[in-house]
Every structure is written in C-alpha cells, then in structure tokens.
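Colleague: All I have is the shape, not the residue letters:
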Ligand code: ADP
Ligand code: MG
C-alpha cells in the first residue's frame, strides 16, 4: 500500500495557465518530422516520460513554460526536441548570424550532458551545437562561435565573457532555456542570467526548468516569461 501511495505521489501532475494544450501520450502525437522520430527511436526512447507528455505540446505550441520535475525525469528532451523544431521553422542562417536556441545550465558537467543530447537530435539536420563553459580555452570557444552555430549550450559566466568579446550575436536568438534554474541561483548566477536575458529579444520563447521553485526563481520567472504554463510533476520540495 505504501508503494502505491508513493507511486501516486510521484505521478502527481499539476498544470496551470490559460488555454493549455492537451498532453500527448506518444511521440507520434507531437507531429515530429521523420528524421527527428528516427533520432528518438535511435535513442531508445519508446514513450515520452510524464514531464515530456505534459511539456512537449505546450512548448511546441510556442508557449512559455515553467516545468518543475525532479532530476532524471527527462527534462532535457522536453526542451531539446521542440528546440530542433523551432530552429527548422526559422529561415536559413547566414554565416556568423548567431544562435537561435540558447540553453543556460549551472555547471559545465550539465552543459556538456545537454550538449551531447542536443547533438544527437541536431545531427539529422546538420545543426551546429556549440558548448560554452569554463575550464576550456576561451579562445577555442571564441573561434568555434565565430564560425557560426544554431544552438549554444552555456554556463552563464562563460556566455557573458564571450558576449563581451563579441564572439556571438544574439539578435537571432528566439528560444531561451534556463535549465536547473534553482541551481543557477544557488551558484549566484542571477545577475548573469538577468544580463543574458536582457540581451535576447523580448519576442523570444522562454522555458524555465527547475527541480524546486524558491521565491527568487519565482520572481525571475514572473519577470521574464510571458503567459507561461506551469507544469509540476511529482512532489516538489
Ligand atoms: P532531467 O533533466 O530531468 O534530470 P534527463 O533529461 O537528464 O533528466 O534524462 C534522464 C535520463 O532519462 C537520461 O539518461 C535520458 O537519456 C533518459 N530519457 C529521457 N527521456 C526518455 C524517454 N522518453 N524514454 C527513455 N529514456 C529517456
Ligand atoms: Mg536536467
């Protein structure tokens, strides 16, 4: 009985917002193009996870989202898959025009994990993914960004440095993801996040993922998201 109670708790789903798109049951319900469906299958993803069922149709509809779910629930694909669709919907990039998708993550390890996941889904479309974080040569990252990319995965500090160096332009960025927002705040990145958000056009789509929603993160969400849908999966501390 305890097992059943724990199971129900874990599955607790709360959704709030206006005109929320209905959750999907299968990846095919997302209307993904064939190359993306093949990449999903290649990953061995048979069914979307609970957060993916809720978040994918919301993000694909172009809405801003606050998605709260614990680690390991499959949040990365929930923002990477719609990011690919979003980018493929934009006009072709000229060299050096800057990224369309920008993902901020708290640590280089997390940024690297997201980079690997993004690469897998970007590959069938030959989209260029750049990873930008500390501990690696800033000059190499500068050169890579200068050659152009459609997706940047970054830790906030290093992204700010490279923006100051004019390694990339943000005027094409229309899809912004703040992943593990609570951890970015814990690490003191609030000013950097605010600076990055301030450099991205206001008609962007903004996605905020977090395991918890402390007051400071809530306050930022209210400032930078437009009519967001909020999805919470499971017990959140
Ligand atoms: P989170 O960001 O919520 O901590 P991740 O996106 O890192 O979670 O995903 C956790 C693990 O689940 C990863 O190994 C990922 O490859 C796997 N995963 C994600 N989505 C699916 C799916 N639909 N089916 C099976 N495995 C999945
Ligand atoms: Mg994650």
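Modeller: Right, received. Where do you want to start? Just so we're clear, the structure is a prediction, and the values are computed from it rather than from any experiment. Numbers count the residues shown, from 1 in each chain. Ligands and ions are numbered 1, 2, ... in the order given.

Colleague: Is the most centrally placed residue in the chain within a helix or a strand, and which one?
Modeller: Centroid-nearest residue in the chain, with CA atoms, centre = their mean: residue 177, separated by 3.7 Å. With elements taken from DSSP states H and E, the one containing residue 177 is strand 175-178.

Colleague: Show me what that strand is packed against.
Modeller: Judged by 3 or more CB pairs under 8 Å, 6 or more residues apart in numbering; DSSP states H and E, strand 175-178 is in contact with helix 75-88, strand 101-104, strand 205-210. C-beta here means a position set from N, CA and C on the backbone, and glycine is covered the same way.

Colleague: circling back to that earlier point, could I get the contacting residues of the residue nearest to the centre of the chain?
Modeller: 79, 83, 101, 102, 103, 104, 206, 207, 208, 209 (CB atoms under 8 Å, 6 or more residues apart in numbering).

Colleague: picking that back up, pick the most buried one from the helices and strands packed on strand 175-178.
Modeller: The highest average neighbour count among the helices and strands packed on strand 175-178, using mean count of other CB atoms under 10 Å, belongs to strand 101-104 at a mean of 28.

Colleague: That strand - what's its average pLDDT?
Modeller: For strand 101-104, the mean pLDDT works out to 98.

Colleague: who does that strand pair up with?
Modeller: With DSSP bridges as the test, strand 101-104 is paired with strand 151-154 (parallel), strand 175-178 (parallel).

Colleague: now the helices and strands packed on strand 175-178 in JSON lines, with distance to ligand 1?
Modeller: Formatted as JSON lines, these follow (distance: least, CB to the nearest ligand atom, whole Å):
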{"stretch": "helix 75-88", "distance to ligand 1": "3"}
{"stretch": "strand 101-104", "distance to ligand 1": "12"}
{"stretch": "strand 205-210", "distance to ligand 1": "7"}
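
Colleague: Residue 23: which of these is closest?
Modeller: Among these, the nearest to residue 23 by CB to CB is helix 75-88 (11.8 Å).

Colleague: mind listing the strands for this structure?
Modeller: Using DSSP state E, the strands of the chain run over 13-16, 65-68, 101-104, 129-132, 151-154, 175-178, 205-210, 229-233.

Colleague: Tally up the residues packed near residue 213, please.
Modeller: 18 (other CB atoms under 10 Å).

Colleague: same deal with residue 128?
Modeller: By other CB under 10 Å, neighbour count at residue 128 equals 17.

Colleague: And for residue 121?
Modeller: Using other CB under 10 Å: residue 121 sits among 25 other residues.

Colleague: hang on, it packs against residue 41?
Modeller: No - counting by CB atoms under 8 Å, residue 121 sits too far from residue 41 to count as a contact (11.7 Å).

Colleague: Not counting its neighbours along the chain, what's nearest residue 81?
Modeller: residue 121 (6.2 Å; CB to CB, 6 or more residues apart in numbering).

Colleague: measure the one you found to ligand 1 for me?
Modeller: For residue 121, the distance to ligand 1 equals 11 Å [CB to the nearest ligand atom, to the nearest Å].

Colleague: cool, residue 229 as well?
Modeller: Distance from residue 229 to ligand 1, by CB to the nearest ligand atom: 18 Å.
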